[in-house]
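> Sequence plus predicted model, see below.
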Amino acid sequence: MKEKITYLLDSPFKRLLAGTGDWFGYNFFRPRQNNLISKDSIHKILLIRLDHIGDLLMTTPALRALRIAYPKAEIHLLVKEATAEVLELNPNINRIITFNAPWTIAKGKKATRGDIIRLISRLRKEKYDSVIDFRADPREALLSLFTGAPYRLGYGARGGGFCFTHPGEYNPQDHEIHRAINLLSPLKITPESDKMDLNFSSEDHEMAETILLKAGVKPESKLAGIHPGAASPFKRWTYEGFAGLGDLLIENGYQVLLLGAPGDKNLLASITKQMQKTPTVICDINLKILGAVIERLDFLVCNDSAPSHIAQAVGTRAVVLYGPTHNEVTGPLDLEKHTVARNSIPCAPCWLPGTKFECRHDLRCWKGLKAEMVIKFILPL
């Protein structure tokens, strides 16, 4: 290892562990690095993105640029089962491989050690020319190494940099879309657009229309969507805030659709109970149908979560609520169309990806954000 690495890890023990692992890796594996990549040598590519739905969607501009540059290449994508649906109909992918990595699954079925060994064996048999690992995680970096691909692109910001032949320079302040695109620079790829992609079928459209019709939505209705869920409770605005905003939108002539994933039923019920007026609740729909429903909205109000990226991908205005997270990293890039709403206080944003969240200020960033403040970000349209 020729230079000292500043690891994006909040624990001294983890930094020591990452540094020790890299020292051994650089000294004993000695990978080829910064080689020129011949375009003619790339025929089969593996992309690795084992984290969340929103992160996967933010990879789609890079995926589209990769397909344009390599129209005849066979492109495979390694994701976990819960996110695979997002790219099932994406025309830029030849095959989706699912793997529930135990380090990315909080609940549900997780891969065993035997599953990991079988995955590595399967990937090696594919004989990929290139592997692109979009997430800075040492375990996924090792997966890249074990594929045996001659070209491996990725970030070593949390350790595992020795696994890559072309390690990228990780900037924590870069937007996630641009971070994915930047990894393609050794392939001499320049994207035409940073817009995200979400594809769904005519059947998904029809099902969405059926759901809206059953919910009493009329074609001429002004539709405001509210999606209050998020993977982490620290990324969620308050129940009172969402309830108050829903009432204000209804008072302004909007039919409010309260949207949620199957696991959000209790959350939606709690918000509905606090409202003075009655919203339309839509739950228990898959991601593609959710995308088709969001496409019909005038705008969607949501937390820093997957629905915000879905709205941007389908062209619906997103009003994204932020508390401790950084909108410069995950927020909308087109701020002429989309809106970032937050309670501007000195300590926010404070929570960087890959670090533990601790608040010494009683979540003032969320509790100080009131419905009357948010409605000003939305109206007049």
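Structure's in. What do you need? Residues are numbered from 1 along each chain as shown.
> The host helix or strand of Val329: what's the following helix or strand?
Using DSSP states H and E, Val329 maps to helix 327-330. Using DSSP H and E, the next helix or strand after helix 327-330 towards the C-terminus is strand 339-342.
> Pairing partners for that next one, with directions?
According to DSSP bridges, strand 339-342 forms sheet pairs with strand 317-322 (parallel).
> in a strand, that's where Pro191 is, yeah?
No. When DSSP: H, G, I helix; E, B strand; the rest coil is applied, Pro191 is found to be coil, with no strand at that position.
> where does it land on pLDDT?
You'll see Pro191 listed with a pLDDT of 87.
> May I ask which helix or strand encompasses the closest residue to it other than its chain neighbours?
Among residues not flanking Pro191 along the chain, Ala65 sits closest, at 3.7 Å (C-beta to C-beta, 6 or more residues apart in numbering). The C-beta positions use only the backbone N, C-alpha and C, and glycine is treated the same way. Following DSSP H and E, one finds Ala65 within helix 60-69.
> Report all helices and strands that the helix or strand following that helix contacts.
For helix 60-69, the following helix or strand on the C-terminal side (DSSP H and E) is strand 74-79. For strand 74-79, the packing partners by 3 or more C-beta pairs under 8 Å, 6 or more residues apart in numbering; DSSP states H and E come out as strand 44-48, helix 60-69, strand 95-98.
> buried residues in whatever helix or strand comes next after strand 74-79?
Remark: after strand 74-79, the chain's next helix or strand is helix 81-84, criterion DSSP H and E. Applying a neighbour-count criterion of 16 or more other C-beta atoms under 10 Å, the buried positions in helix 81-84 are 82-84.
> ok now helix 81-84, how far from the chain's centre?
12 Å (C-alpha atoms, centre = their mean, to the nearest Å).
> swap in stretch 117-129?
26 Å.
> Ok, stretch 259-278 next?
On C-alpha atoms, centre = their mean, the centre of stretch 259-278 falls 24 Å from the chain's centre.
> Run through who's touching it.
225-229, 239-240, 242-243, 246-247, 250-251, 256, 258, 279, 281-284, 290, 293-294, 300, 307 (C-beta atoms under 8 Å, 6 or more residues apart in numbering).
> cool, and stretch 200-215?
89, 257, 280, 282, 285, 288-289, 291-293, 295-296.
> for the record, mean pLDDT for that stretch?
94.
> And for stretch 121-128?
Rounded mean pLDDT across stretch 121-128 is 98.
> What residues of that stretch count as buried?
Quick answer for stretch 121-128 (16+ other C-beta under 10 Å): 123, 128.
> sorry, back to before: counting by contacts, list what the helix holding Val329 packs against.
Right, helix 327-330 is packed against no helix or strand by 3+ C-beta pairs under 8 Å, 6+ apart.
> Show me which residues of that helix are buried.
Applying 16+ other C-beta under 10 Å to helix 327-330 flags 327, 329-330 as buried.
> cool, stretch 87-104 as well?
Quick answer for stretch 87-104 (16+ other C-beta under 10 Å): 87, 90, 92-93, 96-97, 99-101, 104.
> Among these, name the ones in strands.
Judged by DSSP state E, strands contain the following of those: 96-97.
> on that earlier part again, only whichever of the contacts of stretch 259-278 are buried, select them in PyMOL.
The PyMOL command for the buried members of the contacts of stretch 259-278 (criterion: 16+ other C-beta under 10 Å) is given here:
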select buried, resi 225+226+227+228+229+239+242+243+246+247+250+256+258+279+281+282+283+290+293+294+300+307
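> In helices only, show me the contacts of stretch 259-278.
239-240, 242-243, 246-247, 250-251, 290, 293-294, 307 (DSSP state H).
> What is the most widely separated pair among those residues?
Farthest-apart pair in the ones in helices among the contacts of stretch 259-278 is Glu251 and Leu290; separation 26.1 Å (C-beta to C-beta).
> The nearest residue in space to Ser41 that is not next to it in sequence - how many residues pack around it?
Nearest residue to Ser41, sequence neighbours excluded (C-beta to C-beta, 6+ apart): Asp129, at 6.1 Å. Residues lying near Asp129 (other C-beta atoms under 10 Å) number 18.
> So, low pLDDT: which residues of this structure?
Applying pLDDT under 70 to the chain flags the ranges 1-4, 30-34, 354, 381.
> Tell me how it divides into domains.
Partitioning the chain according to automatic domain parsing yields domains covering residues 12-187, 202-378.
> Tell me which stretches of the stretch 1-150 of the chain form helices.
Secondary structure of the stretch 1-150 of the chain (DSSP state H, counting those that start in this stretch): helices at 12-28, 53-57, 60-69, 81-84, 113-126, 138-146.
> Which elements pack onto the fifth one?
Okay, so that is helix 113-126. Going by 3+ C-beta pairs under 8 Å, 6+ apart, helix 113-126 lies up against strand 44-48, helix 138-146.
> Let's have those in a markdown table, adding distance to Glu203 and mean neighbour count.
Shown next, in a markdown table, are these (distance: least, C-beta to C-beta, whole Å; neighbours: other C-beta atoms under 10 Å):
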| stretch | distance to Glu203 | mean neighbour count |
| --- | --- | --- |
| strand 44-48 | 27 | 24 |
| helix 138-146 | 34 | 23 |
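> I figured Leu258 hits Thr280, correct?
Yes. Using C-beta atoms under 8 Å, Leu258 is in contact with Thr280, at 6.8 Å.
> ok, Cys359 - how many residues close by?
That count, for Cys359 with other C-beta under 10 Å as the rule, works out to 16.
> Quick check: nearest residue in space to it, chain neighbours excluded?
Using C-beta to C-beta, 6+ apart, the closest residue to Cys359 is Pro324 (6.9 Å).
> For that neighbour, list the residues it contacts.
Per C-beta under 8 Å, 6+ apart, neighbours of Pro324: 234-235, 348-351, 357, 359, 363, 365.
> Name the member of those with the shortest distance to Lys72.
When those are compared against Lys72 (criterion: C-beta to C-beta), the nearest one is Lys235, at 40.5 Å.
> Might one say that that closest one is in contact with Gly323?
Yes. Checked against C-beta under 8 Å, the pair Lys235 and Gly323 is within contact range at 6.6 Å.
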